[in-house]
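Colleague: take this sequence and fold it.
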Amino acid sequence: MAVRWLLPLLLSFLLACSAEQPGTAPVVTLGWAEAALQPENQPVQQRLVALRHRWDREFPGQAGRATYRLELPPTSPEEPRALWFPYVGNQAQVRINGVDVQRFGELGNSRLDAGKAGQMVVVPSALLRQDRPNVLEIEATMQPLRAGGLSPVRYGPAAKIDLLYARQRLQEQSSSAAYVASLLLMGGLAAGLWWRQRDALYGCFSVAAFFGVARHLDHVWLDVPVPWPLWGALLAIGYGCHLALIARFVLLLLGANPPQLVRAIYVVLVASVILPALSFWLLVPALWTAALGLLELVGLACFAVTVREAVLRHSRIAWLLLGAGGLLLLAGIHDIVLVRMALFGGSSVALTPHAMFFLVLILAGLVVERYNRSVADHQALNDHLAERVAEREGQLQEAFETLRAQRHEQAVLSERQRIMREIHDGIGSQLVGLLNMVGHPQMDRQAIEEQVRVALDEMRMAVDSLQPVHSDLTTVLATLRYRLQPRLQVAGIEVVWEVSALPPISQLSPQAVFQVQRILLEAFTNVLKHSRATRVTVHAQWREGDVPAVVLKLSDNGVGLRPETFIEASRGQGVPNMQTRASAIGASLRIDSSSPGGTCVELVWPIRAAVSVASSPGPDDTVPSFRSPKGENS
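Modeller: Numbers count the residues shown, from 1 in each chain. This next block holds a predicted model:
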């Protein structure tokens, strides 16, 4: 920013130094011209006019044509001369002594507005007269509501004129380009903040900044492809919305939102769209002036709210806005009264865009500060939440450890109760029966031995169920075979074990192991007591399907299910106990006749837990069946 202001000062210093050099002609300012003014569809008016001449001031809302005639002093040909027009337009053609030397756009074509920037014309020395004044003619065409006309003309050495022209170009076009870039940058930054946080403050500032781009862009974009007066209406609407949204943003920034003032801002925002559109459509400049007046009133109301916030709440933001807002209000009054209405002698310099940009810079700084404060608040909140989460995690971990200890204690207690129940129902009942048999006068030694064996089997299976099996049902079956094989051999029963490779079963808890053992033990006991079989086949395999299952099947070649035998077994506790134990592990039990004779007991145990495919048995995974001959321990 410092370079932008230092360069014009440097150019002014160089200009002053060059003016003091001896033998150098001075720069002449021409402030009057003979004018032929011809509004559209009206006769020509001849008169002397003071420069700067403003077409809209004399013919508001009318298009037309004007020819300005000025006299240049006699000039020696030794030094090149130039003309500088700080303002000429809207389109113009320059003639020296009747010869065309420069055109600014095409006369009557509204596509280009030469008045957006100062213009410089180098005068050919061959056209200048030394013995009498030279005639300068500027023919210009004007569009309504476009501020056409002619400013004072500077005439002098080309080197000096070039310095003046460069200074004006630097101040006007370079500053406008800087304004456009800054507004786009600030608007884009605010839009990004709004996108992340959805805060109305950032959204309002972003839209206001983008609306403010149009007016400054117009000063650097001379050849606009939009026809006039449509382009003028768009510029006015954008400028009015820019001012109204800045007023709304100030209230949001202060955190003060008086309902009536907020509604008034929205009403003026709508008026800033309707009134300029009507002004340029109907070619009535007063409508656009009225819209600017409404915006000025809204600005005064916002200024009053800012004063209240600064005095009552001692808000630093409010004090900053007071300074910038006061300058903006004074600039707005200057532009409406002196520039727009041309009262008190009038002025050609609009101050509102510059004051507004100064305010926007302050607002952008406040937006950044608010965002930084918001980030700091979020960081503090995150730190606080992290502490709370860590505290909660500690409490949850402590609760988890307590719950795990309680579950472990409950599991130990449940296991103790199960062992006590099984000892009471199994070994206990066998010992009670054995005690009764021993106390009988005519005791059967063979029956006592059988009762003792059953009691021992009960005890051994209770112990076996507590051994770790690592989800391996094959190990459970092998242990059961080891326990029962001697009794079956003594009874003269050949046993065939056909056990396929079984995958690990996660449901194989000590309770499940014991239930499977008791079901198979009861099945073997029934074979010994009732079947009169000579061979028993134990078959175990893994069955795939929607619900995988383990199938355990025990079949014999005995007498089969005779009616009296089945009725006797049903009346006892054996078969119901087997059904109850199967239901306890989620399995189904079926007792049926086998082929060609005998009885078949089938246990189908669905396995809910997922089993690895690699561990699932395939066609080649079946363990070869083997037989235990009568009287041999295999």
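Colleague: does Val28 touch Pro152 like I think?
Modeller: No - at 10.2 Å, Val28 and Pro152 do not qualify as touching, with contact defined as CB atoms under 8 Å. For the C-beta atoms, the positions are set from N, CA and C on the backbone; glycine is no exception.
Colleague: of the two, who's got more company?
Modeller: The residue with more neighbours, out of Val28 and Pro152, is Pro152; 19 against 12, by other CB atoms under 10 Å.
Colleague: tell me who's in contact with the more buried one.
Modeller: Thr29, Leu30, Gly31, Leu51, Arg52, Pro86 (CB atoms under 8 Å, 6 or more residues apart in numbering).
Colleague: measure how buried the residue nearest to it when sequence neighbours are not counted is and give me the count.
Modeller: Excluding the flanking residues, the one nearest Pro152 by CB to CB, 6 or more residues apart in numbering is Leu51, at 4.4 Å. Other residues lying near Leu51 total 21 when counted by other CB under 10 Å.
Colleague: shouldn't Leu51 be in contact with Ala35?
Modeller: No - contact criterion CB under 8 Å: Leu51 and Ala35 do not qualify, at 9.5 Å.
Colleague: show me where the stretch 401-550 of the chain dips below the pLDDT cut-off.
Modeller: 415, 418-419, 421-447, 450-451, 453-454, 457-458, 460-470 (pLDDT under 70).
Colleague: if we use 90, what do you get?
Modeller: Of all residues in the stretch 401-550 of the chain, those with pLDDT under 90 make up the ranges 401-535, 542-548.
Colleague: which residues in it form helices?
Modeller: 429-438, 445-465, 473-490, 510-526 (DSSP state H, counting those that start in this stretch).
Colleague: now find how far off-centre stretch 162-175 is within its chain.
Modeller: With CA atoms, centre = their mean, to the nearest Å as the basis, stretch 162-175 stands 45 Å off its chain's centre.
Colleague: again with stretch 42-57
Modeller: Here stretch 42-57 is found 59 Å from its chain centre; the criterion is CA atoms, centre = their mean.
Colleague: stretch 544-562 too?
Modeller: 61 Å.
Colleague: what of stretch 220-237?
Modeller: Distance, centroid of stretch 220-237 to centroid of chain: 36 Å (CA atoms, centre = their mean).
Colleague: return that stretch as CSV; C-alpha atoms alone will do.
Modeller: Below are the C-alpha coordinates for stretch 220-237, written out as CSV (Å, rounded to 0.1, in the frame of the first residue of the first chain):
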residue,chain,number,x,y,z
VAL,A,220,-10.4,-0.9,-15.3
TRP,A,221,-12.7,-2.6,-17.9
LEU,A,222,-13.3,0.0,-20.5
ASP,A,223,-14.8,-2.2,-23.2
VAL,A,224,-17.7,-3.9,-21.5
PRO,A,225,-19.8,-6.2,-23.7
VAL,A,226,-23.0,-5.3,-21.9
PRO,A,227,-25.0,-2.5,-23.6
TRP,A,228,-25.8,0.8,-21.8
PRO,A,229,-28.1,1.5,-19.8
LEU,A,230,-28.3,-2.2,-18.8
TRP,A,231,-24.7,-2.1,-17.6
GLY,A,232,-25.4,1.1,-15.6
ALA,A,233,-28.3,-0.5,-13.9
LEU,A,234,-26.2,-3.6,-13.0
LEU,A,235,-23.5,-1.4,-11.6
ALA,A,236,-26.0,0.7,-9.5
ILE,A,237,-27.7,-2.4,-8.1
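Colleague: got the buried residues for it?
Modeller: Residues Val220, Leu222, Val224, Trp228, Pro229, Trp231, Gly232, Ala233, Leu234, Leu235, Ala236, Ile237 are the ones in stretch 220-237 that count as buried (16 or more other CB atoms under 10 Å).
Colleague: what does stretch 156-173 give?
Modeller: Per 16+ other CB under 10 Å, stretch 156-173 contains these buried residues: 156-158, 160-168, 171-173.
Colleague: three-state assignment of the residue nearest to Gln45 when sequence neighbours are not counted?
Modeller: Excluding the flanking residues, the one nearest Gln45 by CB to CB, 6+ apart is Leu37, at 4.5 Å. Secondary structure for Leu37, judged by DSSP: H, G, I helix; E, B strand; the rest coil, is strand.
Colleague: residue contacts, Leu37?
Modeller: Val44, Gln45, Gln46, Arg47, Val49, Glu58, Phe59, Gly64, Ala66.
Colleague: work out for me the element the most centrally placed residue in the chain sits within.
Modeller: Geometric centre of the chain, nearest residue: Arg196, 6.0 Å, by CA atoms, centre = their mean. Using DSSP states H and E, Arg196 maps to helix 175-197.
Colleague: can you list contacts of that helix?
Modeller: 4, 199, 202-203, 205-210, 212-213, 216-217, 219-220, 353-354, 357, 360-361, 364, 367, 371, 374.
Colleague: buried subset of these, written for PyMOL?
Modeller: Buried members of the contacts of helix 175-197, defined by 16+ other CB under 10 Å, are picked up in PyMOL with:
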select buried, resi 199+202+203+205+206+207+208+209+210+212+213+216+217+219+220+353+357+360+364+367+371
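Colleague: model confidence over stretch 221-240, on average?
Modeller: What stretch 221-240 shows for mean pLDDT is 90.
Colleague: can you list contacts of it?
Modeller: 110-114, 116-117, 143-146, 211-215, 218, 269, 271-273, 275-277, 279-281, 283, 288, 291-292, 295.
Colleague: 6 Å - rerun?
Modeller: Contacts to stretch 221-240, defined as CB atoms under 6 Å, 6 or more residues apart in numbering, come from residues 110, 112, 116, 143, 145, 211, 214-215, 218, 272-273, 276-277, 280, 288, 291.
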